[in-house]
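**Q** Build me a structure from this.
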Amino acid sequence: MFEVWQGLGDSASQEVKRIILERLRGTHSAWTNWYLENERYDDAQKEISKAIGFGSGPKAVMKWALARTAPWLARELSSKSLFYL
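**A** Numbering: from 1, shown residues only. The predicted structure follows:
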């Protein structure tokens, strides 16, 4: 639904657009964690890439790098709930 709302274009305020992007980033980050916890590393890499497409910060970049280079470590971090954007 958030992806549909993202297409609202100029009819949405900046605050609404910011919230939509934040929610999309969070949703894809949560899916990344789920995939990592279930050792579905290819899917995790796709989801974190989607999350970063909606904006990134230091945590997102670190999660992306770990999902690509050391998914087992990203899995350990995500299972401790330290890795949400």
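
**Q** So what does Ser56 have for phi and psi?
**A** phi -140, psi 160 (degrees, to the nearest 10).

**Q** got a list of what it touches?
**A** Trp64 (C-beta atoms under 8 Å, 6 or more residues apart in numbering). For the C-beta atoms, the positions are set from N, CA and C on the backbone; glycine is no exception.

**Q** And it, how far from Met62?
**A** Ser56 sits 10 Å away from Met62, taking C-beta to C-beta, to the nearest Å as the criterion.

**Q** what's around Ala60, how many residues?
**A** 20 (other C-beta atoms under 10 Å).

**Q** same thing with Tyr35?
**A** Counted with other C-beta under 10 Å, residues neighbouring Tyr35 total 23.

**Q** how about the helices in this protein?
**A** According to DSSP state H, the chain carries its helices in the segments 2-6, 14-37, 41-53, 58-69, 71-79.

**Q** now these as TSV including mean pLDDT?
**A** Putting the helices of the chain into TSV (pLDDT from 0 to 100) gives the following:
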stretch	mean pLDDT
helix 2-6	59
helix 14-37	86
helix 41-53	92
helix 58-69	86
helix 71-79	81
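
**Q** Can you tell me what sits against stretch 58-65?
**A** Stretch 58-65 is contacted from outside by 25, 29, 32, 45, 48-49, 51-52, 56, 74, 77-78, 83-85, using C-beta under 8 Å, 6+ apart.

**Q** Distance from that stretch to the middle of the chain?
**A** Taking the mean of its C-alpha atoms, stretch 58-65 sits 9 Å from the chain's own mean (C-alpha atoms, centre = their mean, to the nearest Å).

**Q** Kindly report the same for stretch 55-68.
**A** Its chain's C-alpha centre and that of stretch 55-68 lie 9 Å apart, by C-alpha atoms, centre = their mean.

**Q** I'd like the numbering to begin with 238 instead of 1 from here.
**A** In the new count, where the first residue is 238, that last one comes out as stretch 292-305.

**Q** Okay, buried residues for it please.
**A** For stretch 292-305, the neighbour count (16 or more other C-beta atoms under 10 Å) marks Ser293, Ala297, Lys300, Trp301, Leu303, Ala304 as buried.

**Q** Alpha carbons only: can I get it in PDB?
**A** Taking C-alpha atoms only, stretch 292-305 is exported to PDB below (Å, rounded to 0.1, in the frame of the first residue of the first chain):
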ATOM      1  CA  GLY A 292      16.700   6.500   1.600                       C
ATOM      2  CA  SER A 293      19.700   5.400   3.600                       C
ATOM      3  CA  GLY A 294      21.600   6.100   6.700                       C
ATOM      4  CA  PRO A 295      24.600   4.500   8.400                       C
ATOM      5  CA  LYS A 296      22.700   1.500   9.700                       C
ATOM      6  CA  ALA A 297      21.200   0.700   6.300                       C
ATOM      7  CA  VAL A 298      24.500   0.900   4.600                       C
ATOM      8  CA  MET A 299      26.100  -1.300   7.200                       C
ATOM      9  CA  LYS A 300      23.300  -3.800   6.900                       C
ATOM     10  CA  TRP A 301      23.600  -3.800   3.100                       C
ATOM     11  CA  ALA A 302      27.400  -4.400   3.300                       C
ATOM     12  CA  LEU A 303      27.000  -7.200   5.800                       C
ATOM     13  CA  ALA A 304      24.200  -8.800   3.900                       C
ATOM     14  CA  ARG A 305      26.500  -8.900   0.800                       C
END
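
**Q** Thank you, goodbye.
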